[in-house]
Structure formats: C-alpha cells, structure tokens
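Asker: have a look; sequence and predicted model below, questions after that.
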Amino acid sequence: MLVLGVELGGANLWLIHGFVFLLVPLMDFLLKTDTSNVPVEAIGQLSKEYFYKLITFIWVYVQLAIVIWGFYVVSTAEYSWWEWLAFTSGVALVTGGIGITVAHELGHKPEKIQQVYAQILLMTVSYMHFFIEHNRGHHVRVATPEDPATSRFGENFYGFWVRSVRDGFF
C-alpha cells in the first residue's frame, strides 16, 4: 500500500493510513473472533516449524528494501508538506508497526541469527535499545513500579507512551 501510494502520487500517499486505521479495524470488527487456541502440547512443535521462522526472516529483507527505497524517494521526490507528512508517517507505520513487532518476536528467540535480525530491524527505526531493555529490563521487572513498559492503573495512553519510551531508553 505504501509503494502503491507513492507510485500513484497525490492523495494516494494516504492509502497505507487508510488501510491501517480504517480497513484493518473494520475487518477486525466484521470478522468472527477466533476463540480457539493451539493445544498446549502442540506449541513446542509449531514454534519449531520453518515456515514461521521464514516469515520473520523475509520481513527483515523487506524492511531493508523499504528503507533503501525510502532514501531514494526522499532524494528524488518533490512533495508538498502534506505529501511529505503522508510519506514519512507511512514509512513509519510499515517499519515501526510491523518491524518492531517482528523484532520483538525475533528478540525472544535463542538462535543468534534471529537476535541479529531483531537488532537489524530495530536499527532501521533507531530503537536498538529496545533489544536490551525489553529482555533484561521489562521481563525482569514486569508489572512492578520499576518497569517503564508496564502501564500504571488509570494511566492514559499518551502518558504511558512518553514514560515508556523515555524511561526505557534510560
């Protein structure tokens, strides 16, 4: 959607935003909730299937390609301020929204290559400290007052977000 929006130009630069903020929530609302879970005894086997590892590995290369392509767009496009806003926030939705999620998953895996891929993804969004803080900070202090990644009772999203990002970095 991001690439298509850039290729079509103009207001189409907002396609990725429409997909993320309108179409995905609409699909979530319309589709039946799946309340079934994988049986506990099958989790170990499923987590070892190569297909799931391959999906996360492929995303690393997709994200690197998007970042490099984004550099090209920045160096060649002549956008208005609102087109720059649409483009940069669209790149952020893709690299941050998907990339950090995949990096989080890979960062929990024991294999060195998976951890390196997590760090590469986090590097592309200038958030590499998450790799250390999440595993050695959040998981050690989860749900305690010392954990910046645990929201406080009654805390609004924006207050939590600022505190989590700031204190997680420190």
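Answerer: Sure, I can see it. Numbers count the residues shown, from 1 in each chain.

Asker: helix, strand, or coil at L4?
Answerer: Of the three states, L4 takes helix under DSSP: H, G, I helix; E, B strand; the rest coil.

Asker: next, count neighbours for the residue found closest to it once you drop the neighbours it is linked to in the chain.
Answerer: Once flanking residues are discounted, L4 sits nearest to L15: 6.1 Å by CB to CB, 6 or more residues apart in numbering. C-beta here means a position set from N, CA and C on the backbone, and glycine is covered the same way. L15 has 19 neighbours, counted by other CB atoms under 10 Å.

Asker: quick one: contacts for L15?
Answerer: By CB atoms under 8 Å, 6 or more residues apart in numbering, L15 lies in contact with 1-2, 4-5, 8.

Asker: please export the C-alpha coordinates of the helix or strand bottoming out on mean pLDDT in the chain as PDB.
Answerer: None of the helices or strands of the chain scores lower by mean pLDDT, DSSP states H and E than helix 40-47, at a mean of 84. Presented in PDB, the C-alpha positions along helix 40-47 are these (Å, rounded to 0.1, in the frame of the first residue of the first chain):
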ATOM      1  CA  VAL A  40      -0.600 -26.700  24.800                       C
ATOM      2  CA  GLU A  41       1.100 -29.900  23.700                       C
ATOM      3  CA  ALA A  42       1.400 -28.600  20.100                       C
ATOM      4  CA  ILE A  43       3.000 -25.300  20.900                       C
ATOM      5  CA  GLY A  44       6.600 -26.600  21.100                       C
ATOM      6  CA  GLN A  45       6.300 -28.400  17.700                       C
ATOM      7  CA  LEU A  46       4.600 -25.400  16.000                       C
ATOM      8  CA  SER A  47       7.200 -23.000  17.200                       C
END
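
Asker: what are the contacting residues of that helix?
Answerer: Residues from elsewhere that reach helix 40-47 (CB under 8 Å, 6+ apart): 38, 52.
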